[in-house]
Every structure is written in structure tokens, then in C-alpha cells.
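A.B. asks: For reference, the sequence and a predicted model appear below.
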Amino acid sequence: MTEKDLTDRKFYRAGEETRFAEGAPERTPQTAHPAYKLAFRDTDFLLRDELRPVRFQLELLKPEMLLDEARVGSTLVMYGSARIPSPAQAEARVEAAKDGSEYDQKVAARLAEKAKYYEEAYRLARLVSEKGIIENGERQFVVTTGGGPSIMEAGNRGASDAGSESIGLNIVLPHEQAPNPYVTPYLSFQFHYFALRKMHFLLRARAVAVFPGGFGTFDEFFELVTLIQTGKMKPIPIILFGKDFWTRVIDFEALAEEGTISKSDLDLFTWCETAEEAWACICEFYEIRESTDLTD
């Protein structure tokens, strides 16, 4: 490159400018003061309340850009509890609760009953990952979870055991929330804002599997069906695992009978119990034929 090259950059990149600034040998009261820091290198400045819109944009852009670079075209999102034990842990949970209260024993037993959904989440993630679907040079139905334990771990683990990468969207919480070890490291993201995290769950989602869960799972599920119900988002397969659980904790039919939702809104999601049923639902929606060569 020469100074006369029409395509050469005429300004230094931010990284180069940063090295120039940090390599300056002279240290004076002026250069030592925080006011002199480059704005994008000044963490205290970036954390000011007035900079919240900038932080929103950063949390939107960083995962979006890195997922583009990773050639992730679409995702299979998996929501579910962080408390449901794996089948291997279920018996130990029940045993540990024997010396507790009647309530503790009941809860341990109910969680153990739902351990089968850890296995189904694992099997669904592995099944879909083994398909290795590629379209337009981008990977499709890449498994995406909240990056935490239990159902989330099962999803990332299933993809990992299939030899595929998977995404984890963690959130900063007052108590420790480390990514489970099966999330692909360069696809492991951490969020400050719940709203931006939920947005990234759905930006690339082409199917969502919802397993039994608590407030967080309810929040994610109801926001998704609301987006589709109101026409803000195009329909995608929403697959609810565990009809006995969901109909026990939410009376969907009563909502329709009360007139607060339409009867047709109950068709926005599909009940299923197994990974194979879930995949069949996705295949039917997108007219995917198992005999078709799905890769480029």
C-alpha cells in the first residue's frame, strides 16, 4: 500500500490509536486524569446512567456480529427450568429430602418425575444437531439455551455430544451464574439486560422448545406467544413439553372461555412429549423431508 492507493485507509483504526495513546511516555497531571482517557476505553464513563442507550446498542451488536461471523443462520431455542435434575441426579435428590419436611419431600419427588425432560431436551438437541442442516452457507437450527444448568445444560450437552457447536445466552445475576461446560466457548455470551437477552433468543429462532420451568420460562414463553399472537413476529413452531405440567399450572382453556384470549390462540403452540415428536413438528412446519439432502 502507498499513500496514493485509493483503497487504503487514511485514518488509523481505533485499536491502533489506543496503542499510540497507551504508549505515550510522558505522564502529567493532565494525562493521568480520567477525563483524558479515550471515551471508548473509559469503563467508568461507559457505566454512567447517561450511557445506557450505548450499552443497549453494544449488547445488541456484539452477539449479532459474532453470530454472523460464525455463520449461524437460524436457531432452535430451548427454554426450561434450571432446577430439574438429570435422571442420574433425580434419585439422589429424593434421598436427600427424606430427612426434610413433607413439603421438601413432595417437591423433590415432583422434580424427580420431571427428570425425563432433561433426557428429552438432550435427545432433541442431539437429534437436530446431528442433522447438520446448512442452507445458503449458514448453519440452521443451531441449539441455543440460556447457558445455565438443568434443561439448558441438557440442550448444550446434546449438541456437544453430536459434535456440533451450540449457543449459551447467560445473564448476570446477584448469585453466581456460570455457563455450563457444554456451551461452545466462542458462542457463550453474557448479558446485563434481560430485554436484550430475550431479543437475541428470538432474532434467529426458527423453532422454540419449551420445557417445564418457573418464572423465567413463563416469561420467555408468554412473550413469544404474545409476539406471534399480536402479529409482531411471524409464526414459528412453539413446542410445549409436558402437557400434564403445563395444564396443571396454567388453565389455557379457562383463558379462552373467559374471553381474554381467542380459542384459536391455543393453536399457537403444540404439545409433545418426545424429541422425535418435536422434530416431526418442525419438519412438518418447514416441509423438511428426511430423505432430502439438507446440506450444501
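C.D. replies: Sure thing, it's come through. Small disclaimer: the values here were computed from a predicted structure and weren't measured.
A.B. asks: Assign a three-state SS to the nearest residue to Ala205 once chain neighbours are set aside, would you?
C.D. replies: Closest residue to Ala205 apart from its sequence neighbours, by CB to CB, 6 or more residues apart in numbering: Val77 at 4.7 Å. To be clear about C-beta, it is placed using only N, CA and C from the backbone, and glycine gets the same treatment. For Val77, the secondary structure call by DSSP: H, G, I helix; E, B strand; the rest coil comes out as strand.
A.B. asks: hey, what's Val77 bridged with?
C.D. replies: Thr144, Val208 (DSSP bridges).
A.B. asks: list the contacts for it?
C.D. replies: Shown in contact with Val77 (CB atoms under 8 Å, 6 or more residues apart in numbering): 144-145, 201-202, 205, 207-209.
A.B. asks: between the residues you listed, which is closest to Gln177?
C.D. replies: Nearest to Gln177, judged by CB to CB, of those is Thr145 at 12.8 Å.
A.B. asks: shouldn't that closest one be in contact with Met152?
C.D. replies: Yes - assessed by CB atoms under 8 Å, Thr145 is found in contact with Met152 at 3.9 Å.
A.B. asks: Need the residues touching each of those two.
C.D. replies: 78, 168.
A.B. asks: more crowded one of these two?
C.D. replies: The neighbour comparison of Thr145 against Met152 (other CB atoms under 10 Å) goes to Thr145, with 33 against 28.
A.B. asks: residue contacts, that one?
C.D. replies: Here Thr145 is in contact with 77-79, 151-153, 155-156, 166-169, 183 (criterion: CB under 8 Å, 6+ apart).
A.B. asks: Closest to Val54 out of those?
C.D. replies: Nearest to Val54 among those, counting by CB to CB, is Leu169 at 20.6 Å.
A.B. asks: out of the contacts of Thr145, who's nearest Ala108?
C.D. replies: Distance to Ala108, by CB to CB, is smallest for Ile151 among those, at 17.3 Å.
A.B. asks: now the closest one: how far from Lys114?
C.D. replies: According to CB to CB, to the nearest Å, Ile151 stands 9 Å off from Lys114.
A.B. asks: Which one's more surrounded, these two?
C.D. replies: Counted by other CB under 10 Å, Ile151 and Lys114 do not tie: Ile151 has more neighbours, with 30 against 23.
A.B. asks: hang on, isn't that one packed against Ile84?
C.D. replies: Yes - using CB under 8 Å, Ile151 is in contact with Ile84, at 5.8 Å.
A.B. asks: overlap in contacts of the two?
C.D. replies: Listed as contacting both Ile151 and Ile84 by CB under 8 Å, 6+ apart are 117-118, 211.
A.B. asks: May I ask which of those has the most neighbours?
C.D. replies: Phe211 (28 neighbours).
A.B. asks: low-confidence ranges in this protein?
C.D. replies: Low-confidence segments of the chain, defined by pLDDT under 70: 1-7, 176, 290-296.
A.B. asks: now the helices for it?
C.D. replies: 14-22, 29-32, 43-46, 52-69, 87-96, 102-113, 115-131, 151-161, 194-203, 215-229, 243-249, 252-257, 275-286 (DSSP state H).
A.B. asks: most packed of those helices?
C.D. replies: Burial of the helices of the chain is given as mean neighbour count (mean count of other CB atoms under 10 Å); helix 151-161 ranks first at a mean of 26.
A.B. asks: which secondary structure elements does that helix contact?
C.D. replies: Applying 3 or more CB pairs under 8 Å, 6 or more residues apart in numbering; DSSP states H and E, one finds that helix 151-161 contacts strand 75-79, helix 115-131, strand 142-145.
A.B. asks: neighbouring contacts of that helix?
C.D. replies: So helix 151-161 is contacted by 78-82, 84, 86, 117-119, 121-129, 142-147, 165-166, 168, 180, 182-184, 211, 213 (CB under 8 Å, 6+ apart).
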